[in-house]
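Engineer: Build me a model from this:
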Amino acid sequence: MLREMVDERNVKVHLDVYHMNIEEESFYEATKKAAPHLCHYHFSESHRGTPGKGTVDWEGVYTALAEVGYNGTVGLESCIPSISGTEQSCQNNTIKRICL
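Structural biologist: Got it, this is the predicted structure:
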């Protein structure tokens, strides 16, 4: 991990689910590994649409964050032109799950 190579206390890790979907084999393992230095978690679905409607392993993300007791910042990126009641509910549930 680059953060370990730099080895400075003020260097933190920002995970981005959209890019993890492309580069990581396991959302759970990547999150657990980064956890000691994690300062921000950027949520987005694999197609940047409604969370839960793509291929992101949200259960792996939630489980890892719960296990490490993460209480830092989370941002949500969702690029959909309009939000129906079902899609809004899905987004709200994603946000609630991480905030509770």
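Engineer: any idea which helix or strand of this protein has the worst average confidence?
Structural biologist: helix 85-99 (a mean of 53; mean pLDDT, DSSP states H and E).
Engineer: can you pull the pLDDT of residue 100?
Structural biologist: We have a pLDDT of 45 for residue 100.
Engineer: Hmm, residue 38 and residue 73 touching each other?
Structural biologist: No. Residue 73 is beyond contact range of residue 38, at 9.5 Å (criterion: Cβ atoms under 8 Å). Yep, even glycine has a C-beta here, placed from its N, CA and C like the rest.
Engineer: the more surrounded of these two?
Structural biologist: Neighbour count, other Cβ atoms under 10 Å: between residue 73 and residue 38, residue 38 has more, with 21 against 11.
Engineer: what's the burial count for the nearest residue to the more buried one once chain neighbours are set aside?
Structural biologist: Leaving aside its chain neighbours, residue 38 sits nearest to residue 13 (5.1 Å; criterion: Cβ to Cβ, 6 or more residues apart in numbering). For residue 13, the count of nearby residues is 18 (other Cβ under 10 Å).
Engineer: ok, now residue 72?
Structural biologist: By other Cβ under 10 Å, the residues close to residue 72 number 12.
Engineer: ok, for it, nearest residue in space, not its chain neighbours?
Structural biologist: Spatial nearest neighbour of residue 72, excluding adjacent residues (Cβ to Cβ, 6+ apart): residue 39 at 5.7 Å.
Engineer: So for the one you found, what's the pLDDT?
Structural biologist: On the pLDDT scale, residue 39 is placed at 91.
Engineer: That one belongs to a helix, doesn't it?
Structural biologist: No. Applying DSSP: H, G, I helix; E, B strand; the rest coil, one finds residue 39 to be strand, outside a helix.
Engineer: can you count the residues close to it?
Structural biologist: Neighbours around residue 39, by other Cβ under 10 Å: 12.
Engineer: which residues touch it?
Structural biologist: 12-14, 72-73 (Cβ atoms under 8 Å, 6 or more residues apart in numbering).
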